[in-house]
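Visitor: need a structure here:
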Amino acid sequence: QVQLVESGGGLVQAGGSLRLSCAASGRTISNRAMGWFRQAPGRERDFVATISSTGSRTDYADSVKGRFTISRDNAKSMAFLQMNSLKPEDTAVYYCAARRQLYPQTTSANRDYDYWGQGTQVTVSS
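Guide: Reported below is the predicted structural model:
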């Protein structure tokens, strides 16, 4: 089992930045890919970014490419999402997710993630 706790959300003006953190506990995350997803009111939970177990590969949703950066620190059991040039349409609850053990490959599919955090609210004002 892996427990995930997100932090770093908040209210920011358009054009601003936030850095989300995901702290993992329980079993190691070093051998599994991690991802970030977001869900706006009335919408499905959408893929944002994913990172392979070693950090060598990352993938992003088109809507955030060039603005968001996913990273991880396996020694600290942490994952991060640096969000720059934020837009009002980035407003959502952001979720950290982890694949099951020994699944190191990136994936954008919600169904491929077995562990989820409780989410952190990001609100971008215009």
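
Visitor: List the contacts of residue 30.
Guide: Taking CB atoms under 8 Å, 6 or more residues apart in numbering as the criterion, residue 30 is in contact with 53, 74. C-beta: built from backbone N, CA, C; applies to glycine.

Visitor: And it, how far from residue 14?
Guide: With distances taken as CB to CB, to the nearest Å, residue 30 is found 36 Å from residue 14.

Visitor: Past the longest strand along the chain, which element shows up next along the chain?
Guide: Across the chain, the longest stretch assigned as strand under DSSP state E is strand 18-26. Where DSSP states H and E defines the elements, the next helix or strand beyond strand 18-26 is strand 34-39.

Visitor: now the helices for the protein?
Guide: Read by DSSP state H, the chain holds no helices at all.

Visitor: Run a quick neighbour tally on the residue nearest to residue 18 when sequence neighbours are not counted.
Guide: Excluding its sequence neighbours, the residue lying closest to residue 18 (CB to CB, 6 or more residues apart in numbering) is residue 83, at 5.0 Å. Using other CB atoms under 10 Å, residue 83 has 26 other residues around it.
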